[in-house]
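Asker: here is my input; please provide its structure:
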Amino acid sequence: MTNLTRVIPIVTALILIMAMVIIAHAQAFPPPGPSTTPQYFTCTEIISNVSGSNLSHVIVWLRLNNVTTPNGLLYLLDQMYYNLSSPYYHEFITPQEFAEWYSPPGYVFSYITGLATEYGLVVNYTFPMLIEATGNASAVDNFLTALQSAPSNITQWVLAGECIPIGYFYVNSVMPSYKPQYVAIPLNTTNVSSVLTTNVTVINGVPMQIRYHKAEIWLPKGLEFIYDELPLFSSGYTGQGLTIAIVDAFGDVNFTLASQYVYQNVACNDLATFDSIFHLSPPASCTIIYPTGTPVLTSSDLSTAEGWSYETALDIEYAHTMAPGAKILLVISPTSGDDLFTDIEYVVAHHLANFISLSWASPEDAYYIPPVSYNLLYGYDEIFMQAAAEGIGVFAAAGDWGAFDLFVSPIEPSVWYPASDPWVTGVGGTTLYGNITNIMTGRVEYAWDWNSHYMWGSGGGYSFAFNETPGQEMIHIVYERTFVYEPDLGVYFYTVEHRGVPDIAADADPYTGVLLIINGELSPYIWGGTSLATPLSAGMTTTIQSYLYGTGIDYTIGDLAPNLYLLYYYHPSQFYAWGSAYPTSGFISGIPGAMFVTLGGENGLYWVIQGQWNPVDGLGQINAYGLAHLLPYITPRYFFISQIQIG
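Answerer: The predicted structure follows:
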């Protein structure tokens with residue numbers, strides 16, 4: 001026997017042993033699906049030094065009824081979004097129907113709201129999947145303790161109960177928190193306004209972009225141009241008659257008053273100034289609501305509130321840029337905790353918007369680090385199932401830290417929630433270059449690459465909590481790494497058949513970023529992140545929806561991602577706009593192809609595959625004109641005509 005033949009059996013045995021070890025570790029990871037045991041988090045558990053008199057919210061997350069049963073909610077959603085021959089395809093239901101069909105039994109609500117009242121709490125809302133109440137921290141903790149001793153016919157419907165102190169959420173908190181997904185680089189000038197007149201690309205008298213040192217700054221009109229919206233705008237389709245809800249914490253606070261702990265939200269004023277400076281029309285329609293209460297500014301959350309101010313301004317200014325005719329509904333939470341999700345449910349349960357943009361996130365692995373709280377993920381998921389069932393499309397930022405969670409040590413792979421939810425369109429980031437002249441326009445879009453110096457890049461990967469979506473299963477998405485190691489959790493995570501993130505992407509690199517109006521002035525930074533990509537994508541989809549309705553196509557888009565997976569599956573040859581150079585007139589008349597292809601790049605763990613879904617930029621970037629004209633192909637009328645013609 002040669003040395004080689006001796007080595008081969010040894011190597012084979014080692015490979016088998018390693019595979020067994022990996023599988024054993026993978027099986028130790030909690031499988032997708034909520035725990036059957038409710039999870040409870042009292043105020044004193046979440047924040048050790050919280051005062052018993054501190055005002056707090058409590059949310060009890062409930063299990064929906066009739067979800068996985070035959071003909072239940074998941075079956076309905078699959079029929080709504082993936083079965084073109086179903087009578088339910090894009091035939092959406094009302095909030096009242098959702099509540100009637102899927103709420104837990106009435107006695108569950110009666111018991112929990114009665115218990116809350118008994119402990120001195122004021123019940124704010126009863127929604128199909130949650131009950132929220134308000135009281136001081138000691139009352140909330142007493143209520144949660146009592147709820148744990150409720151009869152089994154009550155607790156079997158409870159996913160989780162949690163305290164959310166107002167004004168102190170970040171003090172010694174051990175719960176997952178939600179962070180704005182923006183990044184910025186300084187302009188390095190004392191005269192910020194001078195940037196607007198420096199090295200500007202102008203086409204037909206309209207400023208498109210600014211070349212500033214190593215950066216390409218996209219102006220609002222330039223973004224409308226480069227994402228092929230102008231042909232829709234010229235026909236009068238700008239999002240009119242539709243509403244985009246932006247859900248954020250704190251809002252855009254007046255910094256001067258905030259330093260005195262006085263709260264004033266100046267978001268709509270900043271949006272009006274943005275319109276004036278960048279000549280957007282029609283003027284923005286902007287409304288602000290506070291479903292879970294007005295924020296309380298304290299020394300503990302002042303810096304957090306100021307950070308969310310930039311997030312809020314970025315969200316509303318660039319959603320409005322891409323859908324200038326749509327109404328902007330700014331929904332403000334008093335904390336950056338789970339009040340955010342109650343506010344989303346408020347919008348969904350009252351059907352206040354056609355699309356919702358969420359530019360904040362928390363690493364999904366944080367819900368598995370003790371104290372484990374992954375039942376919360378399934379409570380949130382029920383909100384997004386309701387949104388999808390009502391035909392409300394939700395967009396969420398996939399994160400700005402590449403494929404990683406940077407808030408543990410050592411850093412480890414993690415996707416970010418809520419972009420990882422299967423009923424949300426997750427939005428990754430790109431680097432968008434444009435060379436625009438009167439004759440030709442070069443358009444090159446790469447992934448926003450992972451940068452180990454700045455520690456930023458497009459979020460993406462595979463969900464721990466959720467299985468792949470039906471659309472991803474349909475097109476056979478790739479699993480670029482079968483296993484990834486989670487050092488903080490001590491497990492190998494088996495990625496196959498898990499939800500891939502993101503679904504789409506848009507400009508996010510601050511070096512190809514945008515300008516921002518904050519507190520009435522031009523910010524001295526260039527802004528980027530998936531907090532930019534997300535409202536851009538929500539705005540473009542809103543404009544596309546206005547085109548469909550305006551041209552007589554009775555087709556509500558709802559959750560965008562399933563539509564794209566169907567188009568990719570049924571019309572692969574028409575799905576992508578492959579070119580990187582076009583006659584500039586093409587952006588006036590329209591470019592075919594539903595999506596612009598990502599040309600390359602990586603996010604630190606995964607890489608772009610041109611023309612396929614990938615865990616960096618998903619299916620690519622929206623081509624507004626092309627997608628508007630291809631979406632009708634998956635409406636039943638157009639689809640069956642095309643199938644007959646093919647046959």
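
Asker: for the stretch 101-250 of the chain, what spans make up the strands?
Answerer: Secondary structure of the stretch 101-250 of the chain (DSSP state E, counting those that start in this stretch): strands at 122-127, 130-136, 158-165, 179-180, 183-186, 200-203, 206-212, 215-218, 243-249.

Asker: those strands into a markdown table, with extra columns for distance to Tyr549 and mean pLDDT?
Answerer: Quick note: C-beta positions are derived from backbone N, CA and C, even for glycine. Shown next, in a markdown table, are the strands of the stretch 101-250 of the chain (distance: least, C-beta to C-beta, whole Å; pLDDT from 0 to 100):
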| stretch | distance to Tyr549 | mean pLDDT |
| --- | --- | --- |
| strand 122-127 | 28 | 98 |
| strand 130-136 | 32 | 98 |
| strand 158-165 | 37 | 96 |
| strand 179-180 | 32 | 96 |
| strand 183-186 | 35 | 96 |
| strand 200-203 | 29 | 96 |
| strand 206-212 | 27 | 96 |
| strand 215-218 | 28 | 97 |
| strand 243-249 | 13 | 98 |
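
Asker: deepest of those strands, which one?
Answerer: strand 243-249 (a mean of 27; mean count of other C-beta atoms under 10 Å).

Asker: is Asn435 in a bridge, and if so with what?
Answerer: For Asn435, the residues forming beta bridges with it (DSSP bridges) are Gly442.

Asker: what's stretch 564-576 in contact with?
Answerer: By C-beta atoms under 8 Å, 6 or more residues apart in numbering, the list of residues contacting stretch 564-576 from outside reads 82, 84, 469-472, 474-475, 503-504, 592-597, 611, 613, 619-620, 630-631, 633-634, 639.

Asker: for the chain, name the helix or strand with the lowest mean pLDDT.
Answerer: Counting by mean pLDDT, DSSP states H and E, the chain has its least confident helix or strand at helix 3-28, which shows a mean of 38.

Asker: and stretch 155-175, how far apart are its ends?
Answerer: Terminal residues of stretch 155-175 lie 22 Å apart, using C-alpha to C-alpha, to the nearest Å.

Asker: what's the offset of that stretch from the middle of its chain?
Answerer: 22 Å (C-alpha atoms, centre = their mean, to the nearest Å).

Asker: one step back: next SSE after the least confident helix or strand of the chain?
Answerer: Using DSSP states H and E, the helix or strand that directly follows helix 3-28 along the chain is strand 39-41.

Asker: relative to Phe98, how far out is the residue minimising distance to the centre of the chain?
Answerer: Central residue of the chain (C-alpha atoms, centre = their mean): Ala396, 0.6 Å from the mean position. Here the distance between Ala396 and Phe98 works out to 21 Å (C-beta to C-beta, to the nearest Å).

Asker: for Gly161, give the beta-bridge partners.
Answerer: Listed by DSSP bridges, the beta-bridge partners for Gly161 are Tyr40, Val60.

Asker: wait, Val444 sits on Tyr433?
Answerer: Yes - using C-beta atoms under 8 Å, Val444 makes contact with Tyr433 at a distance of 4.5 Å.

Asker: mean confidence (pLDDT) on stretch 583-596, please.
Answerer: Stretch 583-596 shows a mean pLDDT of 97.

Asker: other residues contacting it?
Answerer: Here stretch 583-596 has contacts from 203, 225-228, 230-231, 234, 436-441, 443, 445, 504, 564, 567, 571, 574-579, 582, 619-623, 625-627, 629-631, using C-beta under 8 Å, 6+ apart.

Asker: buried ones in the helix or strand hosting Gly471, by neighbour count?
Answerer: In this assignment (DSSP H and E), Gly471 forms part of helix 470-475. Using 16 or more other C-beta atoms under 10 Å as the test for burial, helix 470-475 gives Pro470, Gly471, Gln472, Met474, Ile475.

Asker: for Arg481, grab the count of nearby residues.
Answerer: Using other C-beta atoms under 10 Å, Arg481 is surrounded by 16 other residues.

Asker: wait, it touches Tyr606, no?
Answerer: Yes - between Arg481 and Tyr606 there is a contact under C-beta under 8 Å: 7.1 Å.

Asker: where in this protein is pLDDT low?
Answerer: In the predicted model, the chain carries pLDDT under 70 at residues 1-31, 170, 172, 639-647.

Asker: just to revisit the earlier point, same list, the strands of the stretch 101-250 of the chain, but as TSV with distance to Leu302 please.
Answerer: TSV is the format used below for the strands of the stretch 101-250 of the chain (distance: least, C-beta to C-beta, whole Å):
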stretch	distance to Leu302
strand 122-127	25
strand 130-136	22
strand 158-165	16
strand 179-180	15
strand 183-186	19
strand 200-203	37
strand 206-212	31
strand 215-218	30
strand 243-249	13
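
Asker: pretty sure the residue nearest to the centre of the chain sits in a strand.
Answerer: Yes - checked against DSSP: H, G, I helix; E, B strand; the rest coil, Ala396 lies within a strand.
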